[in-house]
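# the following block contains a protein sequence and its predicted model.
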Amino acid sequence: MDEADQIVVADAKAIILKYGLPGYSLVGKQSSDSFSTLIEFFSDKPFRQQVVNLMEKEMKRHNASAEDYARVVDSILFSEGKMQTYGTHLEAGKSRRLQAKPIQIPRVLTPAGKPLVYRPQ
């Protein structure tokens, strides 16, 4: 990580420490979304996970973007070599068309408590 990146990460950590997540009520939608975009590309995994946990709480209060939360979660999973959950990261397929990188399909239960099985047509 170069010096400029180290400064940005240190500033982001200082903001979280002093104010918590800069959500809509604190900095407005555009600035909050911009902060989330920065977090998506940080290499400090523990810090990104800390921010995701804060984002999840604020998202439930409609004080942070669900789309930004999904992007950061998928970014963390991808950096760990895992499949993404929300399908926010794309790649060029063999035909050069964009497609979602591999997605884990969550286990969903029917109202009767049995696993719902997805069978492609």
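That came through fine. Numbers count the residues shown, from 1 in each chain.
# quick one, what contacts K82?
Q104 (C-beta atoms under 8 Å, 6 or more residues apart in numbering). Quick note: C-beta positions are derived from backbone N, CA and C, even for glycine.
# recalculate using a threshold of 6 Å.
Applying C-beta atoms under 6 Å, 6 or more residues apart in numbering to K82 gives no contacts.
# state whether it is indeed within a strand.
No. Read with DSSP: H, G, I helix; E, B strand; the rest coil, K82 is coil and lies in no strand.
# need the phi and psi values for it.
Torsion angles at K82 (phi, psi; degrees, to the nearest 10) stand at phi -100, psi 160.
# gap between it and Q104?
Counting by C-beta to C-beta, to the nearest Å, the gap from K82 to Q104 is 7 Å.
# one more: G81?
12 Å.
# more crowded one of these two?
Q104 (12 against 6; other C-beta atoms under 10 Å).
# just the pLDDT at the more buried one, thanks.
Note for Q104: predicted pLDDT of 77.
# ok, and the closest non-adjacent residue to it?
M83 (4.1 Å; C-beta to C-beta, 6 or more residues apart in numbering).
# same check, this time on L54
L21 (4.0 Å).
# what's around that neighbour, how many residues?
L21: 24 neighbours (other C-beta under 10 Å).
# so it is in contact with E56, correct?
No. Counting by C-beta atoms under 6 Å, L21 stays clear of E56, with 9.8 Å between them.
# what's next to the worst-scoring helix or strand of the chain on mean pLDDT, contact-wise?
When each helix and strand of the chain is scored by mean pLDDT, DSSP states H and E, strand 98-100 comes last, with a mean of 76. Strand 98-100 is touched from outside by 87, 90, 93, with contacts defined as C-beta under 6 Å, 6+ apart.
# show me what contacts the residue positioned nearest the centre of the chain?
Nearest residue to the geometric centre of the chain (C-alpha atoms, centre = their mean): V72, 1.7 Å. Contacts for V72 were tallied using C-beta under 6 Å, 6+ apart; they are 39-40, 52.
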